[in-house]
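Trainee: Return a 3D structure for these sequence lines:
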Amino acid sequence: MKAAFEFLVVILFFITYALTKDIILATKVAIVCGVLQAAWCLIKYRKLQLMQTVSLLLVVILGGATIYLKNPHFIMWKPTLLFWVMALGLLIGQLVNKNLLKITMGKEIQLPEPIWRRLTCAWVLFFVFLGGLNLWVAYSFTEDQWVSYKLFGTTTLLIIFIIAQTLYISRYFKKDET
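Mentor: Next up is the predicted model:
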């Protein structure tokens with residue numbers, strides 16, 4: 001449920017754009033909804049997660065530039081920068097011997113250390129790829145196509161990657177012996 005709530009800003013951005021074909025208005029909606037969402041999280045949980053904060057800052061800064069300069073390419077950079085920040089965070093964590101995937105998911109999933117490193121490497125490469133792909137779509141296709149890709153393309157690729165990752169690590173799950 002929490003993940004769906006976090007996806008709400010993207011959905012509202014998409015709905016606004018689909019109804020109006022106005023990326024400036026959709027960006028305004030994303031900024032307002034992002035700020036409201038962050039305020040609600042602060043009230044309910046007394047904190048924002050790091051990636052929520054980064055995402056909000058990117059929406060406000062790049063969205064603000066899009067609105068002020070009337071240039072949609074600023075908001076189009078937001079997914080790329082978010083993906084690259086996540087890749088960089090995972091990579092830095094790995095370099096300082098803090099596997100952030102293991103820290104995040106290690107309580108639910110027990111895996112050998114080399115597998116955690118491979119997963120981290122896979123996520124880093126995947127995030128770098130997604131960031132590059134977002135820029136390619138933003139500069140090679142129409143605004144309409146980028147908005148559709150942002151919602152459907154990125155989400156589909158993420159789901160496929162998670163399924164592939166789950167299949168890969170499933171062989172390391174211990175089977176319950178009955």
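Trainee: Check what pLDDT Ile115 gets.
Mentor: Predicted confidence (pLDDT) for Ile115: 93.
Trainee: close enough to count as contact, it and Ser170?
Mentor: No - Ile115 lies out of contact with Ser170 (Cβ atoms under 8 Å); the separation is 11.4 Å. For the C-beta atoms, the positions are set from N, CA and C on the backbone; glycine is no exception.
Trainee: neighbour count winner among the two?
Mentor: Ile115 (17 against 8; other Cβ atoms under 10 Å).
Trainee: contacting residues for that one?
Mentor: Ile169, Tyr172 (Cβ atoms under 8 Å, 6 or more residues apart in numbering).
Trainee: Can you tell me the element it falls in?
Mentor: Assigned by DSSP states H and E, Ile115 belongs to helix 113-140.
Trainee: which helices and strands does the helix or strand following that helix pack with?
Mentor: For helix 113-140, the following helix or strand on the C-terminal side (DSSP H and E) is helix 143-148. Packing partners of helix 143-148 (3 or more Cβ pairs under 8 Å, 6 or more residues apart in numbering; DSSP states H and E): helix 2-20, helix 23-45, helix 113-140.
Trainee: mind running it again at 7 Å?
Mentor: Using 3 or more Cβ pairs under 7 Å, 6 or more residues apart in numbering; DSSP states H and E, the elements in contact with helix 143-148 are helix 113-140.
Trainee: Buried residues in the helix it packs on, which are they?
Mentor: Neighbour-count burial for helix 113-140 flags 115-116, 119-120, 122-124, 126-128, 130-131, 133-135, 137-138 (criterion: 16 or more other Cβ atoms under 10 Å).
Trainee: Run the chain-centre distance for the helix holding Ile115.
Mentor: 11 Å (Cα atoms, centre = their mean, to the nearest Å).
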